[in-house]
Structures are given as structure tokens and as C-alpha cells.
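# Requesting a structural model of the entry that follows:
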Amino acid sequence: MIAFEKQYAQKQSINYFLATKLNLFILLAIYFFSDNLMNLFLIYPTFVLLAYRFFYDKTKLDNPYNTFLYEKFIILIRKIRISQ
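Below you'll find the predicted structure:
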């Protein structure tokens, strides 16, 4: 039973992190402060991995659809279903 609980105490994958407000903020900040596109492609993955490692704390027990972009997508789907 302990192994089962530890499995769900692990972090969610980086795919869910890519849909968070923090990731969008990092992308916009690096986009505005970088002087060319090559710097963006070099700096962005580094900052994303550091932010995922140190600031992202969602576990597998948390609802994965509570992340920012997934919430907006679900609201859009519900509005489409209601309007039909």
C-alpha cells in the first residue's frame, strides 16, 4: 500500500507544466528580453526545466485539468456543448 501511495505523490509530467501560467509567463518574459529568436530557443528550455524542478509542485493526486490552459479548454468545450 505504501508503494501505491508513493506513486501518486510523484510530480505530474512536464506536459502539464507546459500548460500553466508560470510557463506562459516565462515564455513571454524571455521573448521580450531576448534580442533574437536563437537566444529564445537556447534560454527558454533551460528556464522551463529549472522552473519545473523547483517551482512546480502538482502531484499525480491533483487534478491535471486544473492547470490554466486545460481549464480554459474545458470551459470552451462546455460552452460549445451547451450552445448545440
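
# Now do the strands in this structure.
Here the chain has no strands by DSSP state E.

# Any idea which helix or strand in it has the lowest mean pLDDT?
Least confident helix or strand, the chain: helix 2-8 with a mean of 61, by mean pLDDT, DSSP states H and E.

# How many residues are close by the residue lying closest to Asp62 once chain neighbours are set aside?
In space, and not counting its chain neighbours, Asp62 is closest to Gln12: 7.1 Å by C-beta to C-beta, 6 or more residues apart in numbering. (Glycine included, C-beta is placed from N, CA and C.) Using other C-beta atoms under 10 Å, Gln12 has 17 neighbouring residues.

# Would you agree Thr20 is in contact with Glu71?
No. Using C-beta atoms under 8 Å, Thr20 is not in contact with Glu71; the gap is 10.4 Å.

# These two: which has the busier surroundings?
For Thr20 and Glu71, the more surrounded residue by other C-beta under 10 Å is Thr20, and the numbers stand at 20 against 13.

# contact partners of the top helix by length along the chain?
Assignment by DSSP state H gives helix 37-54 as the longest helix of the chain. By C-beta atoms under 8 Å, 6 or more residues apart in numbering, the residues outside helix 37-54 that reach it are Ile14, Phe17, Leu18, Leu22, Asn23, Ile26, Leu27, Ile30, Tyr31, Ser34.
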